[in-house]
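Enquirer: Have a look at this prediction, sequence included:
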Amino acid sequence: MDSPAPATHRNTGFFRARWRGEAPLDRLFWRDMLLVGTAISIASSALALVLLGLKLPLWLVLAVHFLPVPYNIFLTIAVWRTAEKAGGFKAQLMMLGSALWLIAAAVV
């Protein structure tokens, strides 16, 4: 009888599936990137504002604000890789949307 996979293996599966373009494009774009990625970026920015209000060092405020950027870059690349596999006009729009989202998430 097989035992369930450890939590670290499941997390690795999440990232691996997206990196390889195996996750459904709609889920990747709408849920993972726009919903979850945006929520993480907003939470990080809000925390950075709180830290700024507490007059903590600027380097710490900026570090917290930009903490989600590597994850956002990962999501954008994952959308591009998956969209290239899927092809079509909808996939091209999602590629454009993900690039614009990354710019907005990094700036705001």
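Expert: It's in.
Enquirer: does Ala48 really touch His65, like I thought?
Expert: Yes - using C-beta atoms under 8 Å, Ala48 is in contact with His65, at 3.8 Å. (Each C-beta comes from the backbone N, C-alpha and C, glycine too.)
Enquirer: The closest residue to Leu58 other than its chain neighbours: how many residues sit nearby?
Expert: With C-beta to C-beta, 6 or more residues apart in numbering as the criterion, Leu58 has its nearest non-adjacent residue at 7.9 Å, and that residue is Leu52. Leu52: 16 surrounding residues under other C-beta atoms under 10 Å.
Enquirer: Next, find the distance separating Leu52 from Val61.
Expert: Distance, Leu52 to Val61, by C-beta to C-beta, to the nearest Å: 5 Å.
Enquirer: so what's the closest residue in space to Leu60 that isn't next to it in sequence up against?
Expert: Residue nearest to Leu60 in three dimensions, not counting chain neighbours: Leu51, with 6.2 Å by C-beta to C-beta, 6+ apart. Contact analysis of Leu51 by C-beta atoms under 8 Å, 6 or more residues apart in numbering lists 60-61, 64.
Enquirer: follow-up on the earlier one: what strand or helix carries the residue nearest to Leu58?
Expert: helix 38-53 (DSSP states H and E).
Enquirer: After the host helix or strand of Phe14, which helix or strand is next?
Expert: Assigned by DSSP H and E, Phe14 belongs to helix 7-19. Next along the chain after helix 7-19, taking DSSP H and E as the criterion, comes helix 25-26.
Enquirer: packing partners for that next one?
Expert: Helix 25-26 makes packing contacts with helix 69-86 when contacts are defined by 3 or more C-beta pairs under 8 Å, 6 or more residues apart in numbering; DSSP states H and E.
Enquirer: Just name whatever secondary elements the helix it packs on is in contact with.
Expert: helix 7-19, helix 25-26, helix 89-107.
Enquirer: Just put the ones you listed in CSV and tack on distance to Leu35, mean pLDDT and mean neighbour count.
Expert: As requested, these are arranged in CSV below (distance: least, C-beta to C-beta, whole Å; pLDDT from 0 to 100; neighbours: other C-beta atoms under 10 Å):
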stretch, distance to Leu35, mean pLDDT, mean neighbour count
helix 7-19, 14, 73, 12
helix 25-26, 12, 95, 16
helix 89-107, 11, 95, 15
